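**Q** Give the three-dimensional model of this entry:
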Amino acid sequence: MNSKSKIISSVRLFRTSPHSCSYKDDEEASTVFVDPDLTIDKSLNSKLSELGFRRSGAHLYRPDCDKCSACISCRLPVSQFESKRRHRKIWNANQDLSVIQTNHLNDRDSYPLYKRYINTRHRDGDMYPATSEQFEAFIQAQTTDTSFYKFYYQDQLLAVSVIDVLQQGLSAVYTFFDPDFDKRSLGNFVILWQIRKAEEMGLPYLFLGYWIMGCSKMQYKSSFRPIELLIQGKWVLLN
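**A** Residues are numbered from 1 along each chain as shown. A predicted model of the protein is given here:
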């Protein structure tokens, strides 16, 4: 039994019943969750991230569908990142933003921004409509190594990024931003900022969650190169 198998065998997993897939029409999805009674510390989060797990609120999970394997874990090797002209344009366009790190989002601006983002950008998803309870369970829930980064233009909150610090990188758990500022490409800018943050911290990877071929909502991830995809249990580098 290899070390990866030992990690899984030592953790209780729970599998959901098949349900409608959020990304592919006419497909059913199932999800495996790590025992919710376990504390998600840096060690557990790091080891399971290597195996394709992802954090959502208080849970670590990964897709476990019977007929589909389209969801592929992806991560960026930050020292190899190749900044393209459009990346530099996005980076330069947002140099007037300031960033504040915080351990909570108990403020008057974060939830309204999240609500506006979900209700504008994700009206076709299972998170619509946004609620304060959803915000508390999905965004505010954190591990022992979670930080929230808030991006401001002067006094206006434009974006919030939820990041877990792993032993081998940063995990971009979720980012939401003001949908009225399309020209800034805030989602892409935050990824560029996260790449630099990981480099600054001496961490080799930025984990971006799942990528699905042909899913328009996921295509932005594959525009950052080179990228590593977890295919049949091995991380494969694509230039």
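**Q** Can you pull the domain assignment for the protein?
**A** Domain assignment for the chain by automatic domain parsing gives 3-71, 74-238.
**Q** Could you measure from the residue nearest to residue 230 when sequence neighbours are not counted over to residue 94?
**A** Nearest residue to residue 230, sequence neighbours excluded (Cβ to Cβ, 6 or more residues apart in numbering): residue 73, at 4.0 Å. For glycine as for every other residue, the C-beta is placed from the backbone atoms N, C-alpha and C. Distance of residue 73 to residue 94, given as Cβ to Cβ, to the nearest Å: 28 Å.
**Q** Quick check, central residue of this structure?
**A** Nearest to the geometric centre of the chain sits residue 173, at 3.2 Å (Cα atoms, centre = their mean).
**Q** Pretty sure residue 58 is one of the things that one touches, is it not?
**A** No. Under the criterion of Cβ atoms under 8 Å, residue 173 makes no contact with residue 58, lying 11.8 Å away.
**Q** follow-up on the earlier one: where's the residue nearest to the centre of the chain, which helix or strand?
**A** strand 169-177 (DSSP states H and E).
**Q** before we move on, back to that, could the domains of the chain go into TSV alongside mean pLDDT?
**A** Shown next, in TSV, are the domains of the chain (pLDDT from 0 to 100):
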stretch	mean pLDDT
domain 3-71	90
domain 74-238	96
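**Q** just checking, what packs against the helix ranked longest in the chain?
**A** Counting by DSSP state H, the longest helix found in the chain is helix 186-200. Secondary structure elements in contact with helix 186-200, counted by 3 or more Cβ pairs under 8 Å, 6 or more residues apart in numbering; DSSP states H and E, are helix 85-93, strand 146-153, strand 156-165, strand 169-177, strand 205-211, helix 219-222.
**Q** Name the residues of it that are buried.
**A** Buried residues in helix 186-200, counted by 16 or more other Cβ atoms under 10 Å: 186-195, 197-198.
**Q** In JSON lines: those, plus distance to residue 162.
**A** Shown next, in JSON lines, are those (distance: Cβ to Cβ, whole Å):
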{"residue": "186", "distance to residue 162": "15"}
{"residue": "187", "distance to residue 162": "13"}
{"residue": "188", "distance to residue 162": "17"}
{"residue": "189", "distance to residue 162": "16"}
{"residue": "190", "distance to residue 162": "11"}
{"residue": "191", "distance to residue 162": "13"}
{"residue": "192", "distance to residue 162": "17"}
{"residue": "193", "distance to residue 162": "13"}
{"residue": "194", "distance to residue 162": "11"}
{"residue": "195", "distance to residue 162": "16"}
{"residue": "197", "distance to residue 162": "13"}
{"residue": "198", "distance to residue 162": "15"}
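**Q** Need the residues that contact stretch 23-42.
**A** Identification of contacts with stretch 23-42 by Cβ atoms under 8 Å, 6 or more residues apart in numbering yields 11-22, 44, 48, 53, 55, 58-68, 70-71, 143-145, 165-167, 212, 215, 217-218.
**Q** Of those residues, which belong to helices?
**A** Under the assignment DSSP H, these contribute 44, 48 to helices.
**Q** Are any of the contacts of stretch 23-42 buried, and if so which?
**A** 21, 44, 48, 53, 55, 59-63, 65, 70-71, 143, 145, 165-166, 212, 218.
**Q** mind checking the end-to-end distance for stretch 115-126?
**A** Start and end residues of stretch 115-126 are separated by 14 Å (Cα to Cα, to the nearest Å).
**Q** chain center to that stretch: distance?
**A** When distances are taken as Cα atoms, centre = their mean, to the nearest Å, stretch 115-126 is centred 16 Å away from the chain's centroid.
**Q** Then stretch 167-187?
**A** With Cα atoms, centre = their mean as the basis, stretch 167-187 stands 9 Å off its chain's centre.
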